[in-house]
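# Please find the sequence and the predicted model below.
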Amino acid sequence: MGARAQYVVVEGGAWQRYYSHWAANRVVDDLLPGPAAATRCFRANREIDEWLDDVWCEGAALVDHDHRILLWFAFAGSWADHMAARAVLARTWPGWDVRFAHDGMGDLTHHLGLGRDLTRSPGWFETFEPSWFADTDSTEPCSVVSLRLPDGRVRAWGSGREPVEHVADGPGLIDLLVASPTTPPPTEMPYGGAHFDPQTRTVSLWAVQTVAGIHNWPLSGWEDWALDFRGDDHTQQAGLLPTDFSFPQPPLAAALTRLGEGLGSLPPDNGPLLARATAVSGPEGTTPVINPAALIPHEPADPTPAELAALRTALDALVAEAEAEAEAEAEAEAEAEAEAEGN
């Protein structure tokens with residue numbers, strides 16, 4: 001029970017690890033006020049001498065003051081929420097190289113020179129038998145899969161699976177795609193996409209979430225294929241999609257506003273919940289036991305007035321820019337429709 005997060009601070013050639021049992025969904029909140037506030041937050045939580053693995057660690061951040069590098073990952077509620085967080089961090093961490101850790105804990109341990117497999121057991125990356133079905137039960141796909149056909153055309157499908165899962169299927173997925181009926185285009189931005197080009201034997205992948213293991217290329221079955229990993233940049237696949245299957249471009253203003261509304265909010269008090277859980281008898285009279293770490297509340301970021309003012313200034317500017325961009329796009333669309341009607 002919990003949403004575990006690991007934090008790492010690098011300074012003066014040394015590094016320390018910190019842990020919070022409830023902070024995985026607050027990683028972005030703790031980072032937004034900038035490097036000084038984030039470092040204070042991490043050090044206010046419990047220092048530990050171990051690494052969490054990709055199963056138990058649901059959010060993490062590494063702040064390297066020596067090289068001014070920030071690595072982080074956390075689950076985003078939507079494409080817009082992820083991109084809004086990226087936009088704010090770019091302004092509140094000026095002069096820093098801010099990177100989303102797509103390889104999860106592997107990116108953090110790799111940065112420290114410890115390799116990518118320190119927290120992973122041998123054979124941990126699971127591959128699958130190729131399978132494909134149109135996701136008719138969900139109106140919004142998690143990812144978009146596209147394929148270049150022998151005649152040069154590109155077909156695309158919405159999928160309820162994560163992008164890396166399609167790669168884990170191996171090249172056998174391609175034949176299943178060719179025989180699959182089309183799906184409706186997404187009305188909301190997906191979390192990622194995968195594009196297969198058998199002519200160039202290239203797999204392209206992008207995601208706004210972790211795709212742990214992607215740097216262990218080639219994965220099983222793809223030994224003579226190249227990987228074009230795009231990070232969270234969807235534009236390459238967007239340029240390949242058919243005209244009747246395009247990505248929507250949701251404005252970021254709403255997501256940025258949500259970030260601003262969450263400033264200063266305290267973590268929920270899980271004490272009453274845990275008390276109720278322990279009061280209930282377990283199966284066959286067993287007694288529930290609480291992880292002691294669950295009793296330690298998360299210490300959130302506590303920005304100074306100056307840090308908070310800088311963050312709000314950045315948010316206000318980004319919201320204004322996003323609203324202006326959305327308005328300009330709406331005007332351009334209206335002009336294009338009027339011109340089409342006139343013709």
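Cool, the structure landed.
# so for the longest helix along the chain, what's the average pLDDT?
If you go by DSSP state H, the chain has its longest helix at helix 305-342. Helix 305-342 comes out with an average pLDDT of 86.
# which helices and strands sit right next to it?
helix 79-92, helix 253-261 (3 or more C-beta pairs under 8 Å, 6 or more residues apart in numbering; DSSP states H and E). The way it works is simple: take the backbone N, C-alpha and C, and place the C-beta from them, glycine included.
# Redo those helices as JSON lines? Include mean neighbour count, distance to G158 and mean pLDDT.
Rendered in JSON lines, the data for those read as follows (neighbours: other C-beta atoms under 10 Å; distance: least, C-beta to C-beta, whole Å; pLDDT from 0 to 100):
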{"stretch": "helix 79-92", "mean neighbour count": "21", "distance to G158": "14", "mean pLDDT": "97"}
{"stretch": "helix 253-261", "mean neighbour count": "18", "distance to G158": "22", "mean pLDDT": "92"}
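# Turn these into a markdown table, including distance to G239.
Listed next are the helices and strands packed on helix 305-342 as a markdown table, based on distance: least, C-beta to C-beta, whole Å:
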| stretch | distance to G239 |
| --- | --- |
| helix 79-92 | 17 |
| helix 253-261 | 24 |
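# Quick one, which of these gets closest to I48.
Nearest to I48 among the helices and strands packed on helix 305-342 is helix 79-92 (25.0 Å), distances taken as C-beta to C-beta.
# which element follows that closest one toward the C-terminus?
Counting by DSSP states H and E, the next helix or strand C-terminal to helix 79-92 is strand 97-100.
# Out of the helices and strands packed on helix 305-342, which gets nearest to V203?
That would be helix 79-92 among the helices and strands packed on helix 305-342, by C-beta to C-beta, at 20.9 Å.
# now that closest one: how far from the chain's centre is it?
11 Å (C-alpha atoms, centre = their mean, to the nearest Å).
# ok, residues contacting that helix?
Contact with helix 79-92 is made by 28, 31-34, 70, 76, 98, 100, 188-191, 208-209, 232, 250-252, 254-256, 258-259, 310-311, 314-315, 317-318, as judged by C-beta atoms under 8 Å, 6 or more residues apart in numbering.
# if you set the cut-off to 6 Å instead, what comes out?
28, 32, 34, 76, 98, 189, 208, 250, 252, 255-256, 259, 311, 314, 318 (C-beta atoms under 6 Å, 6 or more residues apart in numbering).
# What count of nearby residues applies to P184?
Counted with other C-beta atoms under 10 Å, the neighbours of P184 add up to 14.
# same deal with A14?
Each residue near A14 was counted by other C-beta under 10 Å, and the total is 8.
# show me where the stretch 51-200 of the chain has helices.
Assigned by DSSP state H, counting those that start in this stretch, the stretch 51-200 of the chain shows helices spanning 79-92, 105-111, 163-168, 172-178.
# Can you tell me which of the ones you listed is nearest to S131?
helix 172-178 (7.2 Å).
# pLDDT (mean, whole number) over that closest one?
Across helix 172-178, pLDDT averages out at 93.
# Would you mark the buried spots in that helix?
Residues of helix 172-178 classed as buried by neighbour count (16 or more other C-beta atoms under 10 Å): 173-174, 177.
# tell me the centre residue of this structure?
For the chain, Q209 is the residue whose C-alpha lies nearest the centre (C-alpha atoms, centre = their mean; 2.5 Å).
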